[in-house]
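A.B. asks: Just need the structure, nothing else, for what follows:
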Amino acid sequence: MNRAPLLPVVCVVSLLITSAATGNPITAQSQIQDTQSAPLGRSHSEQAASWGLTEQEWTRFEQSQAGPRGFWSPNLDPLTALGVEAQTDQERQRYAELQVALEAKRAERELAYQNAYTAAWAKLFPGLLPIQGMASPSPASSAVVPRQALFVEDDCPACTAEAQRLQGSNTAFDIYLVGSQGEDKRVRSWARQADIDPGKVQRQQITLNHDRGRWFSLGAPGPLPAKFQQVNGQWQRLD
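C.D. replies: Numbers count the residues shown, from 1 in each chain. As a prediction, the model looks like this:
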């Protein structure tokens, strides 16, 4: 079937937390603030203390980012930068433990907010399935636990069957409706006819998404449904 290019339409923004839930170390592309643009008025000692570092360690971090490391990895957080440039095993272990502790606190705060967000959605929009917004990061982009991405289309019994199979297996996955034209009601309509569990959508075990051109960027390889997974930033087909 012919598919018109997707139009960029702003949808409902839904907060998505992935790697925070795992408590794993932050990757080189950390979502923690870019410390090189720290808020004005904060001294080096205050910035260092917020990361559990000494002023001397903060200075080393700045020097590291001013050199080759800053060129290779310009957005590294202080703990990762110091850890990868550590001179001894003891130093490396110290920064790793600081990072794990800080990430655990971040995860706790973000998960608490996610719970509040989910409760607010259920209160303000009862019965309305949340659709991932244009501003939301792709759920399948998690570098910690890659999720399966299921590309589907309307009037596709095989797509419905595959979605129900994945849902029945209790797998966390993300549904992308190809050709939705950015219309939330089309995504919700597809989810209803596919008998997608609203509770799993609310908990984001399953997410509903507009394709946003992803299918065409992959070269539209073959008929739908199609399952993909991101591995090292690259989409790989699973079937």
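A.B. asks: now for the helix or strand hosting Ala119, which elements pack on it?
C.D. replies: Using DSSP states H and E, Ala119 maps to helix 89-124. In terms of contacts (3 or more C-beta pairs under 8 Å, 6 or more residues apart in numbering; DSSP states H and E), helix 89-124 is packed against helix 78-84, helix 198-202. Every C-beta, even on glycine, is put in place using the N, C-alpha and C of the backbone.
A.B. asks: redo that, cut-off 10 Å
C.D. replies: helix 55-65, helix 78-84, helix 198-202 (3 or more C-beta pairs under 10 Å, 6 or more residues apart in numbering; DSSP states H and E).
A.B. asks: for stretch 175-195, which positions count as buried?
C.D. replies: For stretch 175-195, burial by neighbour count (16 or more other C-beta atoms under 10 Å) applies to 175-180, 182-184, 186-188, 190-191, 194.
A.B. asks: now, among these, which is nearest to Gln204?
C.D. replies: Nearest to Gln204 out of these is Ile175 (C-beta to C-beta; 11.8 Å).
A.B. asks: Surely Gln204 touches Ala172?
C.D. replies: Yes - in this structure Gln204 lies within contact range of Ala172 using C-beta atoms under 10 Å: 8.1 Å.
A.B. asks: and these two? which has more neighbours close in?
C.D. replies: Gln204 (22 against 17; other C-beta atoms under 10 Å).
A.B. asks: Surely the more buried one is within a strand?
C.D. replies: No - Gln204: not assigned to a strand; according to DSSP: H, G, I helix; E, B strand; the rest coil it is coil.
A.B. asks: Check the spacing between it and Lys105 real quick.
C.D. replies: 21 Å (C-beta to C-beta, to the nearest Å).
A.B. asks: Low-confidence bits of the chain, can you list those?
C.D. replies: Along the chain, the parts satisfying pLDDT under 70 run over 1-42, 132-145, 220-221, 232-233, 239.
A.B. asks: Strands of the protein, start to end?
C.D. replies: 148-152, 173-177, 206-210, 226-231, 234-237 (DSSP state E).
A.B. asks: For the fourth one, list every residue counted as buried.
C.D. replies: Along strand 226-231, these residues count as buried under the neighbour rule (16+ other C-beta under 10 Å): Ala226, Phe228, Gln230.
A.B. asks: Can you give me the distance of the first one to Ser180?
C.D. replies: Using C-beta to C-beta, we find Ala226 at a distance of 16 Å from Ser180.
A.B. asks: ok, now the last one?
C.D. replies: Using C-beta to C-beta, we find Gln230 at a distance of 21 Å from Ser180.
A.B. asks: next one: Arg165
C.D. replies: Distance from Arg165 to Ser180, counting by C-beta to C-beta: 22 Å.
A.B. asks: re the thing from before, would JSON lines of the helices and strands packed on helix 89-124 with mean neighbour count and distance to Arg212 be doable?
C.D. replies: JSON lines is the format used below for the helices and strands packed on helix 89-124 (neighbours: other C-beta atoms under 10 Å; distance: least, C-beta to C-beta, whole Å):
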{"stretch": "helix 55-65", "mean neighbour count": "17", "distance to Arg212": "33"}
{"stretch": "helix 78-84", "mean neighbour count": "23", "distance to Arg212": "30"}
{"stretch": "helix 198-202", "mean neighbour count": "15", "distance to Arg212": "18"}
